[in-house]
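Engineer: all I have is the shape, not the residue letters:
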């Protein structure tokens, strides 16, 4: 096989393996960069039937991000594969915020199509990730990096970035270069362009050692996951229950390993302080005992005697709520809530807090609840703090930042699911009212 054919064969084989592993299809995460655009073209060429959807996210960071998303959409349509695009708005200017918003979008698309996300991560990405984890002081669990057991498909994790790009350039795959990949302010850029090459020069084979280290850590994680399965773990959304007896029977080091794996099942990465707290808490014998960990995570002891179980609870993940303004209508979606227009004359009897009439005129706004907000209701015609209504309605504190309030001409008139203002709005010159129902839609 000549040098030109070698990259094509490796890419084709990776696509064949992807199709065999996921016969019901995958959601391709495509950013517009060379590696991900190559993934799009390779899938369209060798596994078009396995592309459930192409998903691209515009971080809203400027012309480059918009150009990249537009290229993905144009190429997907040209290649005859379905594509969906979403644009982030008002995101904090940090890599962590951009990554969180992008993955929230990708997971939502994945759930909608019942297909796992597939990314274009290469062997080089794994080398950089493992080295980054070493520098951060990660334990064995973290050192698995991108090779860790995951629902995400990474068909090119055994391919070098150079192989993928050689094939992409050879067949003319278009792409948009991300300026952030040359911005030395980011640690991942310094690792890629300076630290890794220097370490490889000083110790030839260092990159291969990083990959082998990640593989060993990933194999160890698989063994730990098998142990957790054997415990009889029960997972429901953001809650996990495990029998207390096996955790109490092992060593402190064993409890630390198992608790980290249990937390991983509900999307929680325990830090050292949280792990130590859970190791100590494991020996609690009192039913109802609980501890509060960081990021809204709780651990409880439930059940009695030999039936004792530990329950780990994580705060629900809510979709960010962005402010919206309009006239005579409400948006179809606001964060984790949907506004549904009701047919004329169809609405609940009485004053359901989930339904409210909106005039066809007048300025409307939907935004997150803010400290100091007040609303006038039948029970408090002079006005009362929204915070008190949220508390009385038992809205969890973790959910309140994403809870919407509806304003009419700058006055709060509706807190969906909590309370409504004095009376349906009506003013001279306004036409008929349109009733809306608000429904929480957890992602």
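Structural biologist: Ah, there it is. This is a predicted model, so every value here is computed, not measured.

Engineer: going forward, measure contacts and count neighbours with C-alpha atoms only.
Structural biologist: Noted.

Engineer: buried sites along the helix or strand encompassing residue 99?
Structural biologist: Assessed by DSSP states H and E, residue 99 sits inside helix 95-113. Buried positions in helix 95-113, judged by neighbour count with 16 or more other Cα atoms under 10 Å: 98, 101-102, 104-107, 109-110.

Engineer: which one of the residues you listed is nearest to residue 281?
Structural biologist: Of all the buried residues of helix 95-113, residue 281 sits closest to residue 104, with 31.8 Å by Cα to Cα.

Engineer: okay, the closest one: pLDDT?
Structural biologist: As predicted, residue 104 sits at a pLDDT of 86.

Engineer: so it versus residue 343, what's the distance?
Structural biologist: Here residue 104 is placed at a distance of 32 Å from residue 343 (Cα to Cα, to the nearest Å).

Engineer: helices or strands next to the helix holding residue 99 in the packing?
Structural biologist: For helix 95-113, the contact count by 3 or more Cα pairs under 8 Å, 6 or more residues apart in numbering; DSSP states H and E identifies strand 26-29, strand 51-58, strand 117-118 as packing neighbours.

Engineer: okay, angle between it and strand 51-58 too, please.
Structural biologist: Per axes from the mean of the first three to the mean of the last three Cα atoms, to 10 degrees, the angle that helix 95-113 makes with strand 51-58 is 150 degrees.

Engineer: chain center to helix 95-113, what's the gap?
Structural biologist: Centroid separation between helix 95-113 and its chain, computed with Cα atoms, centre = their mean, to the nearest Å, is 4 Å.

Engineer: helices of the stretch 51-200 of the chain, start to end?
Structural biologist: Remark: helices assigned in the stretch 51-200 of the chain by DSSP state H, counting those that start in this stretch are 63-79, 95-113, 123-136, 140-143, 161-171, 187-190, 196-202.

Engineer: take the ones you listed and lay them out in a markdown table including distance to residue 408.
Structural biologist: Listed next are the helices of the stretch 51-200 of the chain as a markdown table, based on distance: least, Cα to Cα, whole Å:
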| stretch | distance to residue 408 |
| --- | --- |
| helix 63-79 | 33 |
| helix 95-113 | 30 |
| helix 123-136 | 49 |
| helix 140-143 | 49 |
| helix 161-171 | 53 |
| helix 187-190 | 46 |
| helix 196-202 | 57 |
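
Engineer: among these, which is nearest residue 441?
Structural biologist: Using Cα to Cα, the helices of the stretch 51-200 of the chain put helix 95-113 closest to residue 441, at 11.6 Å.

Engineer: what does the closest one rub up against?
Structural biologist: Contacting residues not belonging to helix 95-113 are listed as 26-27, 29, 52-53, 55, 57, 59, 86, 88, 91-92, 116-117, 319, 443 [Cα atoms under 8 Å, 6 or more residues apart in numbering].

Engineer: in the longest helix seen in the chain, what counts as buried?
Structural biologist: In the chain, with assignment by DSSP state H, the single longest helix is helix 206-231. Buried residues in helix 206-231, counting neighbours by 16+ other Cα under 10 Å, are found at 206-207, 210-211, 213-221, 224-225, 228, 231.

Engineer: ditto for stretch 122-142
Structural biologist: Across stretch 122-142, burial judged by 16+ other Cα under 10 Å covers 122-133, 138, 140-142.

Engineer: over to stretch 268-285?
Structural biologist: 268, 270, 274-276, 278-279, 281-282, 284.

Engineer: got those as TSV, with pLDDT columns?
Structural biologist: Shown next, in TSV, are these (pLDDT from 0 to 100):
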residue	pLDDT
268	90
270	90
274	93
275	94
276	94
278	95
279	95
281	94
282	92
284	75
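
Engineer: nearest to residue 439, of those residues?
Structural biologist: residue 268 (27.0 Å).

Engineer: now the closest one: how far from residue 205?
Structural biologist: 34 Å.

Engineer: ditto for residue 30
Structural biologist: Taking Cα to Cα, one finds residue 30 at 31 Å from residue 205.

Engineer: of these two, which one has the most company?
Structural biologist: A direct count of neighbours by other Cα atoms under 10 Å for residue 30 and residue 205 places residue 30 higher, at 26 against 11.

Engineer: partners of residue 337 in the sheet?
Structural biologist: Going by DSSP bridges, residue 337 is paired in beta bridges with residue 334, residue 440.

Engineer: I'd assumed residue 437 was in contact with it.
Structural biologist: No. If you go by Cα atoms under 8 Å, residue 337 and residue 437 don't touch, sitting 10.2 Å apart.

Engineer: is it true that residue 356 lies in a strand?
Structural biologist: Yes. If the criterion is DSSP: H, G, I helix; E, B strand; the rest coil, then residue 356 is within a strand.

Engineer: list the beta-bridge partners for it.
Structural biologist: Legend: beta-bridge partners of residue 356 under DSSP bridges are residue 436.

Engineer: that one: what's it in contact with?
Structural biologist: Shown in contact with residue 356 (Cα under 8 Å, 6+ apart): 414, 420, 424, 435-437.

Engineer: swap in 7 Å and give it another go.
Structural biologist: Residues in contact with residue 356 (Cα atoms under 7 Å, 6 or more residues apart in numbering) are 435-437.

Engineer: closest to residue 45 out of those residues?
Structural biologist: Distance to residue 45, by Cα to Cα, is smallest for residue 437 among these, at 45.2 Å.

Engineer: which one is that closest one nearest to, not counting chain neighbours?
Structural biologist: Nearest non-adjacent residue to residue 437, counting by Cα to Cα, 6 or more residues apart in numbering: residue 355, 4.4 Å away.

Engineer: how close does the residue most central in space within the chain get to residue 390?
Structural biologist: The residue lying closest to the centre of the chain (Cα atoms, centre = their mean) is residue 104, at 3.0 Å. With distances taken as Cα to Cα, residue 104 is found 26 Å from residue 390.

Engineer: for residue 414, same thing?
Structural biologist: Distance, residue 414 to residue 390, by Cα to Cα: 12 Å.

Engineer: please apply the same query to residue 267.
Structural biologist: Taking Cα to Cα as the measure, residue 267 falls 27 Å from residue 390.

Engineer: where's the residue lying closest to residue 378 once chain neighbours are set aside relative to residue 144, distance?
Structural biologist: Counting by Cα to Cα, 6+ apart, the nearest residue to residue 378 once its immediate chain neighbours are dropped is residue 422, at 5.1 Å. Residue 422 sits 57 Å away from residue 144, going by Cα to Cα.

Engineer: so residue 414 sits in a strand?
Structural biologist: Yes. Checked against three-state DSSP, residue 414 lies within a strand.

Engineer: okay, it: pLDDT?
Structural biologist: Listed pLDDT for residue 414 reads 94.
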